[in-house]
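[1] based on what follows, work out the 3D shape:
(2 chains)
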Amino acid sequence: MGLSTDGQALDPRTAPEFQTAARSVLNDAQLRKNVRHATTVIQNKRAKVVGELPDWQELREAGGALREHTMKFLDAYLEQFEANCTRAGGVVHWARDAAEAREIVVRLAKESIGDAPSEVIKIKSMTTEEIGLNAALQEAGITPYETDLAELIIQLGKDQPSHIVVPALHKNRAQIREIFQREMHLPHLGETPQDLADAARSFLREKFLRVPTAVSGANFLVAETGGVCIVESEGNGRMCLTLPRTLITIAGIDKVVPRFADLEVLLQVLPRSATGERMNPYNSIWTGVHPGDGPEQFHVVLMDNGRTDVLADEHGRETLHCIRCGACQNACPVYRQTGGHAYGSVYAGPIGAILTPQLQKMEHAESLPYASSLCGACYEVCPVKINIPEVLVHLRSRVVERKTAGLRVLTNAEALAMKTAGSLFRSERRFRAAQRLARMGQGVLARKDGSGEKWISWLPGLLGGWTQVRDLHALPDETFRQWWEEREKSKKHAGGAA
Amino acid sequence: MSANARTAVLERVRAAKGGAAELAKAASAWGLLPRAYHRDGDLQRTAMLERFIDRLHDYDAHVEFCDDAGLAGAIARALYACGAKRVLVPVGLDVGCPEELERVEDAALRVSELDRVDAVVTRCTVAIAETGTLVLQTVPGQGRRAATLVPDIHVCIVRERDVVMTVPEAFNRLALTTTLPTTFVSGPSATADIEMTRIKGVHGPRTLYVVLEAEAG
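    The predicted model follows:
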């Protein structure tokens, strides 16, 4: 069935090129139908609730400026978060990369579990998907239970997430029912969404009440208070944050916000952009450990894993402003055709096309900056005004630079042609000479049509790609500049004579 | 190991930005950030309450009003309407539940015991009309977080004077209690993970009643 991920993790280091992966998805009519339906529904809901706010553009402006400010002072805010979280009874850990983050989480989970059955409950977290945490937990003999409905569908279906907010958006109700019937041993399960949600409720209820260790991601870390904010719908998040004895939160260093009051902006733009709701059912904000309410042990793992490489590129760093709403995915004409798996990364769509290659130091996922028509729909809907098209173009130039570094330019026909063109366009003399040469060269290729216009319908080699589907207007015998210069000359001539 | 990672990550951040940041400079720059969005609502009291009720209904939450029978009467109507028998009452709640129903005090109950009550009655710190949101904090009368999560029915009393129009107004009211465990509740638990259809009730309370308490006098 099209591009099945077969439980194979989405890993940009080994994923096929986007264009290749996309081709096989495009044959999966069911998947395309599911993705189109879901993204259309969210887009319409979003448009409605965004339209209700007369100050939407001001909120975007404030959100963008706030994120930019945070990145500028990131080291200070991270240290402030650490100090305040620690003072409130939390334990802060740092991880340079995915391996280190996995190792810390696995160790903390083992310490918390002790002699109890080796299991943890999990809140949906793209950061844990990014580092392949579930596989690492399993290798260590710990069973992770995903508790978000979509993540549960993905986990039980041995599938991979295809959207950052609605990870199972590529599955329809019939497919979900089949997975639940098989994996929850419920042969008579009904097929309405309500039946499926009820099945998830009873499947997970017992785990919430029993499992004393939870792993979560974070939406925001508040430097001013050391607090953590998680935004969710179902209440599975609240269960994981509140009932267990130990909570382990893992967050990218980009998730920090300066002050508690900054949430007044982000909690307005995020729900409206993500699920098209005025506010999602539950936002939880907590600070360290609170006696008598919630976990006794609270850990936060602050992870870099390539984020500082993104920060180092002044044209690419706005990628880190992302608050993971997924609006750009829903709006993207490319994502809407292919769905998420073709991007070969847990971060799909326009934001994935700029985030994934940068997190990979541009060594992998080089095809992703090209997975876009640069139409700008993503920029339009971004709640923090990330200029995704501009970053895409910037990354394309970084890809070209890498491909053409040193002598490699000689072995790459496209790069060589571009370099030559660059040199021609830089000098008027060379440009004119090239025009003259081209006019001479086109002689054998150009054919006149009925009205005397000259057309080229075949070009050799690489250039043939153009003429395969359309004719090319031949260069005129005289350029505009030549005509103009002649005209000026004869005018002067005539004027002098008068 | 972890100390090394800390130093390494912070050094990388500083190298990436071209230098270390100072918190004092960050504070003054923060003060200059653009905030041209609306801070205060522009609706009269009655219109604002109507907006609040409309938003709650939109989430499929129920709304009860106090009549001659007062607050206790409104709470009783809500509890009877959803068939609750055992009612959890957090420490410090100043109103009772009907005599005929079993009242369960939350004296550090185990989670499995919370799972055996039908409903919970609480107050809230502030409510937001524009988004239909109730903000609960861990203070007397509002219970710890698990108390409003595990029972399937949540009855929340909202004093009219605690309803504000906008999200920024609500954050103003929270400014002195930013480190308390805080939960924003907007309607009953829901999901749209299956074909983007909003389904009420997954893991949190599947029924939410809001009892609006009018101003005294």
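
[2] so which other helices or strands are in contact with the helix or strand of chain B with the lowest mean pLDDT?
    Lowest by mean pLDDT, DSSP states H and E among the helices and strands of chain B is strand B:199-200, with a mean of 86. If you count contacts as 3 or more CB pairs under 8 Å, 6 or more residues apart in numbering or on different chains; DSSP states H and E, strand B:199-200 packs onto helix A:193-210, strand B:190-191. From N, CA and C alone the C-beta is placed, and that goes for glycine too.

[3] and the following helix or strand past it, what does it pack onto?
    Using DSSP states H and E, the helix or strand that follows strand B:199-200 in sequence is strand B:207-213. The elements that strand B:207-213 packs onto, with contact taken as 3+ CB pairs under 8 Å, 6+ apart, are helix B:45-58, strand B:62-65, helix B:70-81, strand B:153-159.

[4] other residues contacting stretch B:208-217?
    By CB atoms under 8 Å, 6 or more residues apart in numbering or on different chains, the surrounding residues in contact with stretch B:208-217 are B:49, B:53, B:56, B:59, B:61-66, B:71, B:74-75, B:78, B:81-82, B:127, B:134, B:153-161, B:185, B:187-188.

[5] ok so, going back, for the helices and strands packed on strand B:199-200, which one sits closest to B:Leu109?
    helix A:193-210 (12.4 Å; CB to CB).

[6] export the closest one as PDB, just CAs?
    Only the C-alpha atoms of helix A:193-210 are listed here, as PDB (Å, rounded to 0.1, in the frame of the first residue of the first chain):
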ATOM      1  CA  PRO A 193     -15.100   7.900  16.000                       C
ATOM      2  CA  GLN A 194     -16.900   7.800  19.400                       C
ATOM      3  CA  ASP A 195     -16.500   4.000  19.600                       C
ATOM      4  CA  LEU A 196     -12.900   4.300  18.800                       C
ATOM      5  CA  ALA A 197     -12.200   7.000  21.400                       C
ATOM      6  CA  ASP A 198     -14.100   5.000  24.000                       C
ATOM      7  CA  ALA A 199     -11.900   2.000  23.300                       C
ATOM      8  CA  ALA A 200      -8.800   4.100  23.800                       C
ATOM      9  CA  ARG A 201     -10.200   5.400  27.000                       C
ATOM     10  CA  SER A 202     -10.700   2.000  28.600                       C
ATOM     11  CA  PHE A 203      -7.500   0.600  27.100                       C
ATOM     12  CA  LEU A 204      -5.400   3.400  28.700                       C
ATOM     13  CA  ARG A 205      -7.400   4.100  31.900                       C
ATOM     14  CA  GLU A 206      -5.900   1.200  33.700                       C
ATOM     15  CA  LYS A 207      -2.400   2.200  32.700                       C
ATOM     16  CA  PHE A 208      -2.800   5.800  33.900                       C
ATOM     17  CA  LEU A 209      -3.900   4.500  37.300                       C
ATOM     18  CA  ARG A 210      -1.100   2.000  37.500                       C
END
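
[7] from the contact counts, what lies against the next helix or strand after it?
    Moving toward the C-terminus from helix A:193-210, the first helix or strand encountered (DSSP H and E) is strand A:213-216. Helices and strands touching strand A:213-216, as assessed by 3+ CB pairs under 8 Å, 6+ apart, comprise helix A:98-113, strand A:119-122, helix A:236-242, strand A:246-252.

[8] so which of the ones you listed is the most packed in?
    Scoring the helices and strands packed on strand A:213-216 by mean neighbour count under mean count of other CB atoms under 10 Å in any protein chain shown gives helix A:236-242 as the most buried, with a mean of 28.

[9] please see if that helix touches chain B.
    Yes. Judged by CB under 8 Å from any CB of the partner chain, helix A:236-242 and chain B are in contact via A:236, A:238-239, A:241-242.

[10] tell me the residue of chain B that sits nearest chain A?
    B:Gly204 (2.6 Å; CB to the nearest CB).

[11] my guess is that residue meets B:Gly187, correct?
    No. Under the contact definition of CB atoms under 8 Å, B:Gly204 does not touch B:Gly187, with a separation of 9.8 Å.

[12] shared neighbours, these two?
    With CB under 8 Å, 6+ apart as the test, B:Gly204 and B:Gly187 both reach A:Pro281.

[13] among the contacts of stretch B:208-217, which ones are buried?
    In the contacts of stretch B:208-217, burial by neighbour count holds for B:49, B:53, B:56, B:59, B:61-64, B:66, B:71, B:74-75, B:78, B:82, B:127, B:134, B:153-160, B:185, B:187-188, counting by 16 or more other CB atoms under 10 Å in any protein chain shown.

[14] what about chain A: which of these touch it?
    Okay, of those touching chain A (CB under 8 Å from any CB), that's B:59, B:185, B:187-188.

[15] output the residues you listed as CSV; include the columns pLDDT and secondary structure.
    Conversion of these to CSV gives the following (pLDDT from 0 to 100; DSSP: H, G, I helix; E, B strand; the rest coil):
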residue, pLDDT, secondary structure
B:Tyr59, 95, coil
B:Val185, 98, strand
B:Gly187, 95, coil
B:Pro188, 94, coil
